[in-house]
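Asks: 3D, please:
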Amino acid sequence: MAMTLRLTDDEAEAVRAQAEAEARSMHDVIRAAVREYVTRRGTARLIDDELQYVVTQYAEALARLGDS
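Replies: Numbering: from 1, shown residues only. Got it, this is the predicted structure:
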């Protein structure tokens, strides 16, 4: 899928500098950043879901632990 990405001058310069430092294209740097962002957010969502499950399932035990 093709798309247009509009960056501020500062953002474009930061990407350009990173691409140059890594000897990669700006395109590759931006795609890697998007993949990393999506992976992190997906992982955080899974952790939040699991934590909510534990808190719900073990609410009574957690309350007793808090009282001791």
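
Asks: Quick one: list the elements packing against the helix or strand hosting Glu20.
Replies: Using DSSP states H and E, the secondary-structure element containing Glu20 is helix 9-22. Secondary structure elements in contact with helix 9-22, counted by 3 or more Cβ pairs under 8 Å, 6 or more residues apart in numbering; DSSP states H and E, are helix 26-57. From N, CA and C alone the C-beta is placed, and that goes for glycine too.

Asks: angle of the helix it packs on against helix 9-22?
Replies: Put simply, helix 26-57 runs at 100 degrees to helix 9-22, going by axes from the mean of the first three to the mean of the last three Cα atoms, to 10 degrees.

Asks: List the buried residues of helix 26-57.
Replies: Under the neighbour-count criterion of 16 or more other Cβ atoms under 10 Å, helix 26-57 has 26, 29-30 buried.

Asks: Met3 in helix, strand or coil?
Replies: Classification of Met3 using DSSP: H, G, I helix; E, B strand; the rest coil returns coil.

Asks: Please tell me how far His27 sits from Glu20.
Replies: The span separating His27 from Glu20 equals 13 Å under the rule Cβ to Cβ, to the nearest Å.

Asks: same question, Glu13
Replies: Using Cβ to Cβ, Glu13 is found at 10 Å from Glu20.

Asks: Mutual contacts of these two, please.
Replies: Counting by Cβ atoms under 8 Å, 6 or more residues apart in numbering, no residue touches both Glu13 and Glu20.

Asks: The residue nearest to the spatial centre of the chain and Ile47, how far apart?
Replies: With distances taken as Cα atoms, centre = their mean, the residue of the chain nearest its centroid is Arg40 (3.1 Å). In this structure, Arg40 lies at 11 Å from Ile47, with Cβ to Cβ as the measure.

Asks: do Glu13 as well
Replies: In this structure, Glu13 and Ile47 are 34 Å apart, going by Cβ to Cβ.
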